[in-house]
Structures are given as C-alpha cells and as structure tokens.
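[1] Any chance you could fold what I've pasted below:
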Amino acid sequence: MNKNFLVQEIIRLKKEKNAVILAHYYQDEEIQEIADFIGDSLELAKKAQNTNADIIVFAGVHFMAETAKILNPNKKVVLPDWNAGCSLADGCPPEDFKLFKEQHPDHIVVTYINCSAQIKAMSDLVCTSANAKKIIESIPAEQKIIFAPDENLGKYLQKETKRELVLWKGSCVVHEAFSLDKLIEIYNKNPTAKIAAHPESEDHILKAAHYIGSTSGIINFIKTDPAAVFIVATEAGILHELTKAVPDKTLIPAPTTEDNSCACSECAYMKMNTLEKLYSCLKNERPEMLVAEELRTEALKPIKKMLELS
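    Numbering: from 1, shown residues only. This next block holds a predicted model:
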C-alpha cells in the first residue's frame, strides 16, 4: 500500500473515531511522524492516563498497550502487532516469579514497568528507568526489596541508592548487545564525544558513560549539554526525534557486538509495528487489548503508587 494513502487514511480514521496514537521512541520513523505523542514508558503511561480519546492506538510493545488498558478500562486499546513482545517481560514468567517472591517473604516487590500485568499484580510498586531511583528511595531504609525483572537496571540502582536489592535475572536484548571494544574504538576517534547510556545496559558500558539515564533523560542531556558529539547507547529509534531537536550536533549510535545492517542496536519487537499494521488496527479496531477486571485492579495499584510518587 502506498505510504501517502496510508498516512491520509490514518489521519482520517483517527479523526472519525476520536483515536489517539501513542508511540514509543523506539518505533520506526514513519510511525513517530504520524503519532500524536512520542515518549518513553513513563511519559506514555501518563499520556494514556490523561487522554480524552475513545480509542488508544499504542505503537509500542505488548506490555505498554496492556499498561494503557490497565489505566483506561473504559477505553478501547488496540495495538498494531499482538506479537510485539519484550525480552524483559517474556523472561519473567508469573509462575516462576511467584515462587521467587515466596522465597523472600519479608521483601516488598518493585518491578520495572517492562513486565506483564500478572507480574505487576504481584508488585508493591512499579517504576520506569526515569523514576526508578526515586521509587527505591521512597522505601524505608530497613525495608528489604526484590527488584525485577531487569538485573542490569537493578545493579545500577544498587550503586545509585546504596541499597541491597534481591535481583531477578532478566535482561533486555537491545541493551545487552553493545560492544565495549567497538565503543572505545569510536570514542578514540571522537575524543570530545560524550557517551550517554541507558541503565538497562551492562555495567562495563555504564562505567564508560558520561551520562546514564532513561530515554527521556538521555534526550534532555543531549539537548542541554554543550558537547557537539554524542555516542548514544540505547535503541537507535531515539535518534529520529533527537536529530530534529539538535540538528547542529553529531549523534553516533553505540555499536553492537553483532555486525548488523545499521551497526546499532534495534529492538526487533518494536520494529514489528509498521504503518500498514497501524492503519489496519485503527480501521478494524483490533487486535484489541483486554485485561480481566480482577487482574486489572491488582495491577493498577502499584502503577497508581508510581504515578503519585512521580
């Protein structure tokens, strides 16, 4: 299907159905271009909570659309591709996590938003990379904590908050793909560059970074820091909005261990969404995200606590 036709039809259907398109920074450029709002997990959760639209089209991955539905039981939430998952969410099965939680009965559970509704329902608090430090610091010092599912983010938080956390062993395939050797090689060629990394990255990458933060944090850092060159260690989709925001700065995606076509780290799940699938899901209003009411109310509690704290 012709791109111009798709774009026109999406705009028409959006108006006709009072729909809003929320897109994550890791989406393809053409989806970011047509979205009503682009953000990271925290920003999108807040947008989903405050929208007046009847239909939310969530161009992201499965757990994000699920979170939008948990926050909006009376709105229709659709997603372009039902199979757009997440290695972090998939790597934390509810039955296994239930056993893990039972092994640490005196701990409260803080989970990263990149998990399923079932995991959120077993949690006391949910966080994103943008507010994780704040969430951990809101918990009394003597209280023991389980942190799941991202082990790299958990290790980073232990250092930042000086708290002992019991960590679930999960990871993000995108942020574990960066090569330190190649990163150093690029840095040596660009010695004035600043390295910005997402805390889901491995420790050796974070040690080399000048700035560590969430997607929105990295964007703000690059916008405000006086440096002219930046090496960006997160999903390459972030570069689209950033290039527009800082046209005078040079942005280099951090290299991966794999020799792939873009020499950067891309989330294959995020890239499963296409303009054609976006059009189809808006036109047919499916696949639709549904969450059983009992599960939804349990999963909502830690999300609400997070939104109140942030």
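
[2] low-confidence ranges in this protein?
    Applying pLDDT under 70 to the chain picks out residues 259-264.

[3] quick one: the most centrally placed residue in it from residue 32, how far?
    Closest residue to the average C-alpha location of the chain: residue 41 at 4.6 Å, with C-alpha atoms, centre = their mean. Applying C-beta to C-beta, to the nearest Å, the value for residue 41 to residue 32 is 16 Å. From N, CA and C alone the C-beta is placed, and that goes for glycine too.

[4] Over to residue 233?
    Residue 233 sits 20 Å away from residue 32, going by C-beta to C-beta.

[5] neighbour-wise, which of these two wins?
    Taking other C-beta atoms under 10 Å, residue 233 and residue 32 do not tie; residue 233 has more neighbours (29 against 19).

[6] Can you give me the end-to-end span of stretch 30-39?
    15 Å (C-alpha to C-alpha, to the nearest Å).

[7] Let me see the ranges of the helices in the stretch 201-310 of the chain.
    203-208, 215-224, 238-245, 275-284, 293-309 (DSSP state H, counting those that start in this stretch).

[8] can you pull the contacts of the closest residue to residue 175 other than its chain neighbours?
    For residue 175, ignoring the flanking residues on the chain, the nearest one in space by C-beta to C-beta, 6 or more residues apart in numbering is residue 200 at 3.8 Å. When contacts are counted by C-beta atoms under 8 Å, 6 or more residues apart in numbering, residue 200 touches 88, 129, 150, 152-153, 171-172, 174-176, 234.

[9] I'd guess residue 200 is in a helix, am I close?
    No: checked against DSSP: H, G, I helix; E, B strand; the rest coil, residue 200 lies outside a helix; its state is coil.

[10] Okay, it and residue 138: tell me how far apart.
    21 Å.

[11] starting at the chain centroid, how far to stretch 64-76?
    Distance, stretch centre to chain centre, for stretch 64-76: 16 Å (C-alpha atoms, centre = their mean, to the nearest Å).

[12] for that stretch, which positions count as buried?
    Across stretch 64-76, burial judged by 16 or more other C-beta atoms under 10 Å covers 64-72, 75-76.

[13] Likewise for stretch 297-310?
    298-303, 305-306, 310.

[14] After whichever strand or helix holds residue 89, heading C-terminal, what element do we hit next?
    Element membership of residue 89 [criterion: DSSP states H and E] is helix 87-90. Later in the chain than helix 87-90, the nearest helix or strand by DSSP H and E is helix 94-102.

[15] What is the neighbour count of residue 221?
    18.

[16] OK, contacts around the residue nearest to it when sequence neighbours are not counted?
    Nearest non-adjacent residue to residue 221, counting by C-beta to C-beta, 6+ apart: residue 211, 4.6 Å away. By C-beta under 8 Å, 6+ apart, the residues touching residue 211 are 194-197, 217-218, 221, 225.

[17] and of those, the nearest to residue 112?
    residue 217 (15.0 Å; C-beta to C-beta).

[18] That closest one against residue 128, yeah?
    No: between residue 217 and residue 128 there is no contact under C-beta atoms under 8 Å: 10.4 Å.

[19] quick one: which of those two has more around it?
    The neighbour comparison of residue 217 against residue 128 (other C-beta under 10 Å) goes to residue 128, with 22 against 17.

[20] give me phi/psi at the more buried one?
    phi -120, psi 170 (degrees, to the nearest 10).

[21] got the contact list for it?
    So residue 128 contacts 40-42, 45, 112-113, 214, 306 (C-beta under 8 Å, 6+ apart).

[22] Reformat those residues as JSON lines; add distance to residue 16.
    Shown next, in JSON lines, are the contacts of residue 128 (distance: C-beta to C-beta, whole Å):
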{"residue": "40", "distance to residue 16": "29"}
{"residue": "41", "distance to residue 16": "29"}
{"residue": "42", "distance to residue 16": "30"}
{"residue": "45", "distance to residue 16": "26"}
{"residue": "112", "distance to residue 16": "37"}
{"residue": "113", "distance to residue 16": "31"}
{"residue": "214", "distance to residue 16": "35"}
{"residue": "306", "distance to residue 16": "34"}
